[in-house]
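Peer 1: Got a sequence here, can you model it:
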Amino acid sequence: MSETAIKAVIPAAGLGTRFLPATKAMPKEMLPVVDKPAIQYVVEEAVAAGIDDVLVIIGRNKNALANHFDRVTELEHTLEQKGDRSKLERVMHPSSLADIHFVRQGDPKGLGHAVLRSRKHVGNETFAVLLGDDLIDARDPLLSRMIEVSQSQSATVIALMEVEPSQIHLYGCAAVEKTGEGDVVRVTGLVEKPSAAEAPSNLAIIGRYVLKPEIFDVLETTAPGKGGEIQLTDALQALAADDEIAGPVLGVVFTGRRYDTGDRLDYLKSSIQLALDREDLGPELASWIVELAPTLEPTLEPTA
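Peer 2: A predicted model of the protein is given here:
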C-alpha cells in the first residue's frame, strides 16, 4: 500500500490487429482471460496497490470498456431474482473496483502520446501507468513495490524483467547499474526494441511504470521515434540521461509470474496457466492436458 494515494493510467487505444477478426468490433482489452476481460485484471492490480482512481485512455470503438465497468441493473435484477449470488457478485465487482474515468486519445500517435493525454486528469502528481498486454500475477506484487521505491527515492520507476537475449528485440531494453537494493537498479539508458547485438542488457521493460509529472513536459517535446510514433521509451531515456529534470530513473527487476496477452500464442498460454491455478478449473483442465499430451504430434510445423 502506498503512503500517498496516486492515480493510475491504462492506455487502451490500440487497434489489436494481432487478434483480428476478433478485435474488429471488440476491444482487445475485452478479450477474456479465462472468465474475466484482460483489462479487469489490470484494474484489480492497481486497486491492490492502493489506487482508487483509474483513467483509461481509449480510442474509437471502445465503448465496451466503459460498459464493463458500469452497472447493468437488468442483469443484476435477473440474477438476484434467481438467487444466484455467486454470479451476481462477479457481475457487480467491476463497477465497484475504483473510480474509473475514460478519455479518448484522438490521433493514434503512440504510447507516449497516450500517456500525455492523461495530463489534465493526473495533474502535478506522480502516477502509475499499466499496460494491458502484461498481466502480473496477484500473488507476486510488483506495482506496490514500484510505488514504494518511487516515494522513498523521489524517482521515476520502471519495471524490468530478464528475457532471453534472442527475445530482447521485442521490448524496450535498459542499460543499468547496481544499487544497494537487490531488486533495484539505476537506469542509465534505454533503447527501443534493439537487436540482440545492440542491446545493452537482457533486461526488458515490461508494462508497468511509476512516473513523475515532469514526464509530461518531456513528452511534449519528444519527436516521433520508431514507427513514427511518440515513444514513451524515448522520453524516459531523456530523464535517465539527466537527473536534473526529475531525479533518477530506477528499475525494479521483477522475478514473479507475468502473462503476456499481446501475442496470440502467449495469450493462449496465459489463459491455460491462469485456469490451471484455479481451484474450480485447474484439476479437470490438468487431467485433460495429461490425456491430450501423448496424442500431440511434436513435429508439427508452426503456422504464421
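Peer 1: Check the residue nearest to the spatial centre of the chain and give its pLDDT.
Peer 2: Averaging the C-alpha coordinates of the chain gives a centre point, and the residue nearest to it by C-alpha atoms, centre = their mean is Leu131 (2.5 Å). pLDDT for Leu131: 94.
Peer 1: now Thr303
Peer 2: For Thr303, the pLDDT comes out at 58.
Peer 1: First-to-last residue distance for stretch 19-31?
Peer 2: 9 Å (C-alpha to C-alpha, to the nearest Å).
Peer 1: coming back round to it: cross-check the contact I'm expecting between the residue nearest to the centre of the chain and Gly207.
Peer 2: Yes: in this structure, Leu131 is within contact of Gly207 by C-beta atoms under 8 Å, at 2.9 Å. Any C-beta I mention is one placed from the backbone N, CA and C, and that applies to glycine too.
Peer 1: sorry, back to before: from Ala138, how far out is the residue nearest to the centre of the chain?
Peer 2: In this view, Leu131 and Ala138 are 17 Å apart by C-beta to C-beta, to the nearest Å.
Peer 1: Which helix runs longest in the protein?
Peer 2: The helix that spans the most residues within the chain, counting by DSSP state H, is helix 264-276.
Peer 1: by contact count, what packs against the lowest-mean-pLDDT helix or strand in the chain?
Peer 2: Each helix and strand of the chain was given a mean pLDDT (mean pLDDT, DSSP states H and E); the minimum falls on helix 243-246 at a mean of 79. Helix 243-246 is packed against helix 214-220, helix 232-241, with contacts defined by 3 or more C-beta pairs under 8 Å, 6 or more residues apart in numbering; DSSP states H and E.
Peer 1: got the buried residues for the first one?
Peer 2: Going by neighbour count (16 or more other C-beta atoms under 10 Å), the buried part of helix 214-220 is 214-216, 218-219.
Peer 1: what about Ala5, how many residues close to it?
Peer 2: Around Ala5 there are 12 other residues, counting by other C-beta atoms under 10 Å.
Peer 1: Helix or strand: which one has it?
Peer 2: Secondary structure assignment for Ala5, by DSSP states H and E: no helix or strand.
Peer 1: same check, this time on Ile206
Peer 2: Ile206 is part of strand 203-211 when elements are defined by DSSP H and E.
Peer 1: tell me the mean pLDDT over that strand?
Peer 2: Throughout strand 203-211, pLDDT has a mean value of 95.
Peer 1: what about Asp234, distance to Leu250?
Peer 2: For Asp234, the distance to Leu250 equals 18 Å [C-beta to C-beta].
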